[in-house]
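K.L.:
please work out how this folds:
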Amino acid sequence: RVLAKFGKCKAGGIGKRRQIMITFLVDQRGSLLGHEVFPGNTNDMKTLVPVDRRLRQDYGEAVAEAPRVVDRGYASLKNVRGLLRRKEPFLVAVRAKPGSKELAFLEGLGTREGWSEIADGVRAASLERKGVKWVVTWNDEVAGRNGDGRRDHMEKAKEGFSKLSRAIEAGRVKSRSERDRKVGTILARYGMRRFLRVQGARRGLGFRVEETGVREA
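P.N.:
Predicted coordinates for the structure are as follows:
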């Protein structure tokens with residue numbers, strides 16, 4: 001089994017070197033319980049199920065029945081549904097993406113201006129649904145930082161598309177499939193699939209780039 005593979009790195013985009021993924025299991029004091037090793041191209045969210053299975057099968061009752069605390073990099077709504085089916089207690093952080101049908105019920109919380117201020121620049125609200133308590137927070141500082149980083153990535157992606165256009169004009173891109181492959185690489189590298197829309201010309205290899213207008217903190 002080959003573990004060293006190209007995959008997304010923490011700095012963003014696809015790394016230039018092969019990597020492996022190691023997931024650590026710790027208790028509430030931060031003491032190491034164990035670890036799992038995955039191929040370097042594994043999505044973080046896909047590691048939760050095998051790790052949870054190991055906690056239930058290979059450890060004592062105290063660990064097997066302990067609440068799962070999962071950060072948003074490893075959590076997804078699919079994983080939350082799995083924890084609910086197994087009736088396991090959990091504290092999970094997930095990002096509420098705009099337009100998510102599964103989280104549409106959170107609109108009942110109203111706008112963040114009406115939420116309780118729990119710290120300077122931080123507001124929160126909560127509701128219960130089907131036995132699960134959902135707590136939603138908004139952090140002005142994080143929202144600003146995320147927006148700045150996204151704008152920087154968008155500019156780099158647009159620069160990449162400009163270089164691709166020049167390569168097309170110079171005849172270095174030979175087909176639409178090659179163009180589309182390069183477009184996909186740029187979008188993935190800078191995490192812009194939701195924020196930039198690329199449409200190819202009806203004739204030739206040209207294309208145009210538009211911002212989708214999606215906003216996400």
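
K.L.:
how close does the closest residue to residue 41 other than its chain neighbours get to residue 44?
P.N.:
In space, and not counting its chain neighbours, residue 41 is closest to residue 7: 3.8 Å by Cβ to Cβ, 6 or more residues apart in numbering. C-beta: built from backbone N, CA, C; applies to glycine. As judged by Cβ to Cβ, to the nearest Å, residue 7 and residue 44 stand 10 Å apart.

K.L.:
which neighbours do those two have in common?
P.N.:
Counting by Cβ atoms under 8 Å, 6 or more residues apart in numbering, the contacts common to residue 7 and residue 44 are residue 21.

K.L.:
looking at the spatially most central residue of the chain now. What's its pLDDT?
P.N.:
In the chain, the centroid-proximal residue (Cα atoms, centre = their mean) is residue 73; its distance is 6.2 Å. Residue 73 carries a pLDDT value of 81.

K.L.:
show me what contacts it?
P.N.:
44-45.

K.L.:
what's around residue 156, how many residues?
P.N.:
Other residues lying near residue 156 total 16 when counted by other Cβ atoms under 10 Å.

K.L.:
just the one 3 residues further on next, same as before
P.N.:
Residue 159 has 12 neighbouring residues, counting by other Cβ under 10 Å.

K.L.:
for the one 4 residues further on, same thing?
P.N.:
Using other Cβ under 10 Å, the number of residues around residue 163 comes to 12.

K.L.:
which non-adjacent residue is nearest residue 100?
P.N.:
Of all residues not flanking residue 100 in the chain, residue 77 sits nearest, at 7.8 Å (Cβ to Cβ, 6+ apart).

K.L.:
again, but for residue 21
P.N.:
Distances taken as Cβ to Cβ, 6+ apart place residue 38 nearest to residue 21, at 4.3 Å, with adjacent residues excluded.

K.L.:
tell me the secondary structure at the one you found.
P.N.:
In three-state terms, and counting by DSSP: H, G, I helix; E, B strand; the rest coil, residue 38 is strand.

K.L.:
mind checking how far it is from residue 48?
P.N.:
Distance of residue 38 to residue 48, computed by Cβ to Cβ: 11 Å.

K.L.:
so who does the residue nearest to residue 41 touch?
P.N.:
Residues in contact with residue 7, defined by Cβ under 8 Å, 6+ apart, are 14-15, 19, 21, 39-42.

K.L.:
ChimeraX command for the buried members of those?
P.N.:
Buried residues among these (16 or more other Cβ atoms under 10 Å), as a ChimeraX selection:
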select :19,21,40,41,42
